[in-house]
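**Q** I'd like to go over a predicted model; first the sequence, then the structure.
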Amino acid sequence: VQLQASGGGLVQPGGSLRLSCAASGSVSSISFLGWYRQAPGKQRDLVATMSYYGRAMNYADSVKGRFTISRDNTKNTVSLQMNSLKPEDTAVYYCNALDDRLRQYWGQGTQVTVSS
């Protein structure tokens with residue numbers, strides 16, 4: 001599985017960004033798609049994940065009510081709509097896939113910077 005993320009950038013506090021990730025390769029084996037983030041000097045943490053049919057979704061407490069994950073299985077994409085962004089959301093965001101054998105795959109990361 002290969003993952004290609006896009007959509008990061010610089011935004012002011014309170015603004016919005018949308019991240020997208022396209023999966024290719026053995027996409028039929030993917031069970032969960034989602035996003036993690038890593039701020040400088042910190043560990044990589046889960047932001048949001050979503051199962052194939054969307055029956056299972058998981059958000060970090062810090063983004064609940066502000067971020068929305070969505071998935072288009074016909075295009076093998078997952079998106080993250082980020083609203084009401086805060087400076088503490090600044091991080092490198094990584095697309096993540098978990099397959100039916102519990103193997104994890106990572107995209108290349110995209111920088112999100114929230115600053116005035």
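**A** Perfect, thanks for sending it.

**Q** what sits against the spatially closest residue to Ala56 that is not a sequence neighbour?
**A** Counting by CB to CB, 6 or more residues apart in numbering, Met50 is the residue found nearest to Ala56 once chain neighbours are left out, at 7.2 Å. Just so you know, the C-beta spots here come from the backbone N, C-alpha and C atoms, and that holds for glycine as well. By CB atoms under 8 Å, 6 or more residues apart in numbering, the residues touching Met50 are 32-34, 56-58, 69-71, 78.

**Q** name the residue closest to the centre of this protein, please.
**A** The centre of the chain sits closest to Trp35, judged by CA atoms, centre = their mean, with a distance of 2.4 Å.

**Q** in terms of helices and strands, where is that one?
**A** If you go by DSSP states H and E, Trp35 is part of strand 30-38.

**Q** note down every partner strand of that strand and its orientation.
**A** Strands adjacent to strand 30-38 in the sheet, as given by DSSP bridges, are strand 44-51 (antiparallel), strand 91-99 (antiparallel).

**Q** tell me which of those strands lies nearest to Val11.
**A** Of all the strands paired with strand 30-38, strand 91-99 sits nearest to Val11, with 12.6 Å by CB to CB.

**Q** and that closest one, how far out from the chain's middle?
**A** 6 Å (CA atoms, centre = their mean, to the nearest Å).

**Q** got the end-to-end distance for stretch 20-38?
**A** Using CA to CA, to the nearest Å, the end-to-end distance of stretch 20-38 comes out at 17 Å.

**Q** what mean pLDDT does it have?
**A** In this model, stretch 20-38 has an average pLDDT of 94.
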